[in-house]
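1. Predicted model and sequence follow; I will ask about them next.
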Number of protein chains: 2
Amino acid sequence: MLARDLAPDRLATDPRTLAAHATDRSGARSDGSPLAVVHARRTEDVTVTLRHAHALGVPVVPRGAGTGLSGGATAGEGVLVLDLSGMNRVLELSADDQLAVVEPGVITAELDRAAGAHGLRYAPDPASAAISTIGGNIATNAGGLRCAKYGVTRDSVLGLEAVLADGTVIRTGRRTVKGVTGYDLTALLTGSEGTLAVITSATLRLRPVPVATATLAAYFPSFEAAAEASYAIGRAGVEPALAELVDGPVLHAIDPELRERGAALLVVQCDGAGAAVEAEVVARLLTPLATTVEVTDDPAEAESLLAARRLALPALERLGRPLIEDIAVPRSRLAEAARSIRAISERHGVPIFTIAHAADGNLHPIIVVDPDPDLDRLPDAAWEAAGEIFALALRLGGTLTGEHGVGVLKRQWVAEELGPAAHALQRRLKEAFDPRGILNPGKSL
Amino acid sequence: MLARDLAPDRLATDPRTLAAHATDRSGARSDGSPLAVVHARRTEDVTVTLRHAHALGVPVVPRGAGTGLSGGATAGEGVLVLDLSGMNRVLELSADDQLAVVEPGVITAELDRAAGAHGLRYAPDPASAAISTIGGNIATNAGGLRCAKYGVTRDSVLGLEAVLADGTVIRTGRRTVKGVTGYDLTALLTGSEGTLAVITSATLRLRPVPVATATLAAYFPSFEAAAEASYAIGRAGVEPALAELVDGPVLHAIDPELRERGAALLVVQCDGAGAAVEAEVVARLLTPLATTVEVTDDPAEAESLLAARRLALPALERLGRPLIEDIAVPRSRLAEAARSIRAISERHGVPIFTIAHAADGNLHPIIVVDPDPDLDRLPDAAWEAAGEIFALALRLGGTLTGEHGVGVLKRQWVAEELGPAAHALQRRLKEAFDPRGILNPGKSL
């Protein structure tokens, strides 16, 4: 019995804890209350839990801070929740090898802060960095603002320790930046949303804090003009550290005065030894297309330029319940995608607010509506609009989800993106990892 | 029958073609002559070939230009060779989306050249770029000089079309830089050495050609001093585009006069808008440790500084048959690795020459001996030394192979690096892709 093999403080079954572990930040509802919550503190807690669950065929939902936006951590009737937020030690930080070894419950921003003491940083910066865990970031292959230049979470994961469904511990990858022995299990586990194994430690790449940073904020007469400006940056061969696009309705939701400055805002940051030179090039490119362009190399001022972008989600949450989509398209199709999203919004009569990581072609169209008060679910028009946004992404050669993951919310569209042959193959891989199907069933694939 | 389903020019069984397709550049011998060679020109040639081979249980060795250094493309008795070098079209090159779609037989340097016409480049630059194919680069997850800053082949592969062992065509990944729908099959196939599927097309990321480049060459009184200098670059937060280290014996083999200038050469290249500033920082760091430091921003002069590094392998080939190892260690262990390699060389009485990608901790210790004339195989002392080099890499937290792949030459050490649980899991994945085990049997795992 599980309770016998775990320390008493590890297992909780009180209704309050169960309720708190049934959902995540996606707003997706679970179909009931989980069976119990295991608060793991060590890898052994994970192996013991999985060994029992595997023997009994009990479904297990691994969970970090529960900040996921796709419902990957929702846990319903009969499910055992494996909460890893208490495994939160930074086990090693090597400045010489520019790497850290951490447990999965470490908060992303805390690792970044710890690295900062050595002149280093953890490059991936999902918007949730202050509240999300490294384990959750790896499970969803989280993106962020800086991945324009520094890549997604996968690009910073060198190796993992993980526990398979039957309790077997495996180690993947290594402490070196290069290595090709065997198949790339590290990349396979990254983004697998807790369906293949439970991550118990990660060896992560750190990078030097850039010696200089220059930030630009430019307002444009239309989203399309701002998108064209972002193409011009790419064509000029500049690789910005971030390029964030905020549309007019979002600007209005943040502050009506911002909306008066333009119908779209593009914030661009260049960093490294060439930051000032690159920012000058970018300013020259944006000026003929923009209404106003501001440039600064002062960190505090840069932060205030970025503030509008950071305030977007809280501002929208004041208007209703946001359904945050996450499509990515080839970046030259950004303007076309935005135009089509506006048409979808009008057709279905649902307001859609759009922010985008422009350099990645990653758009977050945010549908903001109020749930039906009787049913506590979003109206059909919202889901129909979401379905059309996904279809649009695929039609443009893109994807359903650039960085948030599939979870439960996008699952019905996965087969279409993957195609039947790759989908069937992915199911066979899942079986090779988890033959009894106990790990996060009903998510991702 | 296969001959009936393929165009007549696709199938060859003449002894000369068979002999030419039995080995690769590793020097590894095959145990006999392959059955036949299929010269694929289209994806359909691959699907037809695999469907027949799968039905009959005939082993298939996929092959590009045969430039591999680990024996991954050797083909022995009873094997069908699937030569993809004739699938060599660049299908698309999009400057706006900074990507190319290519067939697997495209020569790496030719793609880079085609991208250059648009101010772009294909970042991975294995030393074999002028003769190796993109398909082979992906199969081995090839590295190169520039991966110090731009990553390995995997970091430039956005998506693949591949044919499974039974002839099923799958598509993986996408045309966007971000995307997390489903498991990362693109990364799983990259580096799988032809054991999981046959790649028939690849969507590759291109990057802007840097606006500026600055190159430094510094000679040092010892390999250790040069390694220390490379650590200093990392500690200063500079990320060079390349950092190549050449030891004294290699310098001597290239030109005894070079050896008189120092016991080790470090060539560092910085690129981008901050290249000159970074090179200045690097020069300041190297000067107190080096005998001489030269800096240039002239491309022709940079090429002559890099020439010594490029001449290393041809120079060693004049001395005997080189057995090229490829270990990677955490980069702060570079000096320790070199010291231990010298001790191994002395203990076994075999000359070992070392070049290294210093920023990646990737060393190529090259054992140069003459094969036993009676047996046409390397003497036991060479293999014993190689075994000790692998053990050293693992002891330092590194890997058997940073960028060349396992092939047949390193296979006996794989299980030790992966550990039994991950090794067993990898075999289950192989079965999920290729249940009859026809794809490149006896390689990699």
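-> Structure's in. What do you need?

2. residues touching residue A:15, list them.
-> residue A:33 (C-beta atoms under 8 Å, 6 or more residues apart in numbering or on different chains). In short, each C-beta sits where N, CA and C put it, glycine included.

3. backbone phi and psi for it, please?
-> Dihedral pair for residue A:15: phi -60, psi -40, per degrees, to the nearest 10.

4. do the one 10 residues further on as well
-> For residue A:25, the backbone dihedrals are phi -80, psi 0 (criterion: degrees, to the nearest 10).

5. What distance do you get for it to residue A:383?
-> 19 Å (C-beta to C-beta, to the nearest Å).

6. For residue A:212, grab the count of nearby residues.
-> The number of residues packed near residue A:212 is 16, by other C-beta atoms under 10 Å in any protein chain shown.

7. How about the contacts made by it?
-> Per C-beta under 8 Å, 6+ apart, neighbours of residue A:212: A:271-273, A:275-276, A:297.

8. Near chain B, which residues of the stretch 251-400 of chain A are found?
-> A:272-275, A:277-278, A:281, A:328-332, A:357, A:360-362, A:397-400 (C-beta under 8 Å from any C-beta of the partner chain).

9. Select from these every entry located in helices.
-> A:275, A:277-278, A:281 (DSSP state H).

10. Using PyMOL, define a selection of the buried residues within those residues.
-> The following PyMOL line selects those of these that are buried, judged by 16 or more other C-beta atoms under 10 Å in any protein chain shown:
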select buried, chain A and resi 275+277+278+281
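
11. Okay, and residue A:81 sits in which element?
-> Residue A:81 belongs to strand A:80-83 when assigned by DSSP states H and E.

12. That strand - contacts with which helices or strands?
-> Applying 3 or more C-beta pairs under 8 Å, 6 or more residues apart in numbering or on different chains; DSSP states H and E, one finds that strand A:80-83 contacts strand A:36-39, helix A:43-56, strand A:60-63.

13. Looking at those, which one is packed in the most?
-> strand A:60-63 (a mean of 28; mean count of other C-beta atoms under 10 Å in any protein chain shown).

14. which strands and helices sit next to that strand?
-> So strand A:60-63, by 3+ C-beta pairs under 8 Å, 6+ apart, packs with helix A:43-56, strand A:80-83, helix A:134-140, strand A:198-205.

15. Show the average pLDDT along the third one.
-> Put plainly, it is helix A:134-140. Taken as a whole, helix A:134-140 carries a mean pLDDT of 98.

16. just to revisit the earlier point, list the helices and strands the next helix or strand after the strand holding residue A:81 packs on?
-> Using DSSP H and E, the helix or strand that follows strand A:80-83 in sequence is strand A:90-94. With contacts defined as 3+ C-beta pairs under 8 Å, 6+ apart, the packing partners of strand A:90-94 are strand A:99-102, helix A:108-116.

17. of the ones you listed, which approaches chain B most closely?
-> Nearest to chain B among these is strand A:99-102; the distance by C-beta to the nearest C-beta comes to 7.5 Å.

18. what about the closest one, distance to the chain center?
-> Here strand A:99-102 is found 20 Å from its chain centre; the criterion is C-alpha atoms, centre = their mean, to the nearest Å.

19. which strands and helices sit next to it?
-> Using 3+ C-beta pairs under 8 Å, 6+ apart, strand A:99-102 sits against strand A:90-94, helix A:108-116, strand A:198-205.

20. for chain A, what are the low-confidence residue spans?
-> For chain A, not a single residue meets the criterion pLDDT under 70.

21. domains of it?
-> A:2-83, A:90-208, A:213-313, A:319-417 (automatic domain parsing).

22. Comparing those domains, which comes out most buried?
-> The most buried one of the domains of chain A (mean count of other C-beta under 10 Å) is domain A:90-208, showing a mean of 23.

23. And that one, end to end?
-> Using C-alpha to C-alpha, to the nearest Å, one end of domain A:90-208 lies 18 Å from the other.

24. which one is residue A:306 nearest to, not counting chain neighbours?
-> residue A:267 (5.8 Å; C-beta to C-beta, 6 or more residues apart in numbering or on different chains).

25. ugh, wrong one, residue A:326
-> residue A:404 (4.2 Å).

26. Specify the local secondary structure of the one you found.
-> Of the three states, residue A:404 takes coil under DSSP: H, G, I helix; E, B strand; the rest coil.

27. Let me see the contact set for it.
-> Contacts of residue A:404 (C-beta under 8 Å, 6+ apart): A:68-70, A:140, A:142, A:324, A:326, B:180.

28. Sort out for me which of these are in strands.
-> Among the contacts of residue A:404, DSSP state E puts residue A:324 in strands.

29. Can you tell me which of the contacts of residue A:404 is nearest residue A:114?
-> Ranked by distance to residue A:114 (C-beta to C-beta), the contacts of residue A:404 are led by residue A:142 at 18.4 Å.

30. hang on, isn't residue A:438 packed against residue A:61?
-> No. Look at residue A:438 against residue A:61 with C-beta atoms under 8 Å: they stay out of range, at 9.9 Å.

31. Strands along the stretch 251-400 of chain A, start to end?
-> Applying DSSP state E, counting those that start in this stretch to the stretch 251-400 of chain A gives strands spanning A:264-271, A:292-296, A:321-324, A:352-357, A:362-369.

32. do you know which of the ones you listed lies nearest residue B:107?
-> strand A:362-369 (32.8 Å).

33. Give me the helices and strands touching the closest one, please.
-> Using 3+ C-beta pairs under 8 Å, 6+ apart, strand A:362-369 is in contact with helix A:312-317, strand A:321-324, helix A:334-348, strand A:352-357, helix A:380-395.

34. redo that, cut-off 7 Å
-> strand A:321-324, strand A:352-357, helix A:380-395 (3 or more C-beta pairs under 7 Å, 6 or more residues apart in numbering or on different chains; DSSP states H and E).

35. Going by contacts, tell me the helices and strands next to the second one.
-> It stands for strand A:352-357. In terms of contacts (3+ C-beta pairs under 7 Å, 6+ apart), strand A:352-357 is packed against strand A:242-247, helix A:248-254, helix A:334-348, strand A:362-369.

36. now do the last one
-> With contacts defined as 3+ C-beta pairs under 7 Å, 6+ apart, helix A:380-395 has these neighbours: helix A:334-348, strand A:362-369.

37. Mind doing that once more with 10 Å?
-> Secondary-structure packing of helix A:380-395 (3 or more C-beta pairs under 10 Å, 6 or more residues apart in numbering or on different chains; DSSP states H and E): strand A:321-324, helix A:334-348, strand A:352-357, strand A:362-369, helix A:414-418.

38. Can you tell me which of the helices and strands packed on strand A:60-63 is nearest to residue A:379?
-> helix A:134-140 (27.1 Å).

39. Briefly note if the closest one comes near chain B.
-> Yes. Applying C-beta under 10 Å from any C-beta of the partner chain, one finds helix A:134-140 touching chain B at residue A:140.

40. how far out from the middle of the chain is whatever helix or strand comes next after that helix?
-> Scanning forward in sequence from helix A:134-140 by DSSP H and E, the next helix or strand is helix A:147-150. With C-alpha atoms, centre = their mean as the basis, helix A:147-150 stands 14 Å off its chain's centre.
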